[in-house]
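In: Have a look at this fold, sequence not included:
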Ligand code: SF4
């Protein structure tokens, strides 16, 4: 095992030791998850969940009604998620695509698809990138693909799993190369939790971090402290 693979295994094991290994369980219907994830771009979970709930309160789970509604009504319903001028058209266009191509508001046809084919299919939806596609596939279908959000990108760069300027897609590829597929779900959830609770974007709590001895960021910080002393 090379050094990065050992580090990746160490990150997985230490976070599992602190946060446990979550059982996979589908929380949302795939189309709901797709819509929720479109709403989640550039905002926090609280706002995207609130926007989803407002949308459902206004239209029920009648996705056909959302597709046919005046765009202004959809924008108003999801306003709390921010970027509603971009998100509402993407959401409606995704529903339109399902209506045209599948004739129903379901993603059940993804279940038998190989993961790369399913990823490419979902990314053909307006406003859906590899993060959204991977979340839908991992969380709803248990397909082995590693979603990367800002928490995971930041920690991967700091840890030295990924290059300091690695794109989210490069980070995804790094983890997928270094980890067994069965570990993706657990590590994804645990890294997000660790990013929220310990490895904060502005003020990482390195002194309290179980990953500190594996992390390039702390090594770099120590070097800078030593240079400052002299
Ligand atoms: S040691 Fe610091 S920078 Fe590294 S993962 Fe932990 S909190 Fe983040």
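Out: Everything's here; your move. Just so you know, these numbers come straight off a predicted model, no measurement behind them. Numbers count the residues shown, from 1 in each chain.
In: Could you pull up the mean pLDDT of the helix or strand hosting residue 100?
Out: Element membership for residue 100, per DSSP states H and E: helix 84-101. Helix 84-101 shows a mean pLDDT of 95.
In: other SSEs contacting that helix?
Out: helix 30-39, helix 63-68, helix 71-77 (3 or more Cβ pairs under 8 Å, 6 or more residues apart in numbering; DSSP states H and E). Yep, even glycine has a C-beta here, placed from its N, CA and C like the rest.
In: closest one to the ligand among those helices?
Out: When those are compared for distance to the ligand using Cβ to the nearest ligand atom, the nearest one is helix 30-39, at 25.1 Å.
In: Run through the neighbouring helices and strands of the closest one.
Out: Applying 3+ Cβ pairs under 8 Å, 6+ apart, one finds that helix 30-39 contacts helix 45-59, helix 84-101, helix 130-141.
In: so of those helices, which one's packed in deepest?
Out: helix 130-141 (a mean of 23; mean count of other Cβ atoms under 10 Å).
In: what's the angle between the next helix-or-strand element following that helix and helix 130-141?
Out: Sequence-wise, the next helix or strand downstream of helix 130-141 (DSSP H and E) is helix 150-159. Relative orientation of helix 150-159 versus helix 130-141 (axes from the mean of the first three to the mean of the last three Cα atoms, to 10 degrees): 110 degrees.
In: coming back round to it: between the helices and strands packed on helix 30-39, which gets nearest to residue 14?
Out: Nearest to residue 14 among those is helix 130-141; the distance by Cβ to Cβ comes to 21.6 Å.
In: for residue 163, what are its contacts?
Out: When contacts are counted by Cβ atoms under 8 Å, 6 or more residues apart in numbering, residue 163 is found next to 157, 170.
In: Tell me the confidence at it?
Out: We have a pLDDT of 96 for residue 163.
In: Remind me which helix or strand it belongs to.
Out: Of the helices and strands defined by DSSP H and E, none includes residue 163.
In: Phi, psi for it please.
Out: Per-residue torsions, residue 163: phi -60, psi 150 (degrees, to the nearest 10).
In: how about the residues of this structure near the ligand?
Out: Residues of the chain found near the ligand (Cβ under 6 Å from any ligand atom) are 155, 158-159, 198-199, 204-206, 209, 211-212, 215, 217-218.
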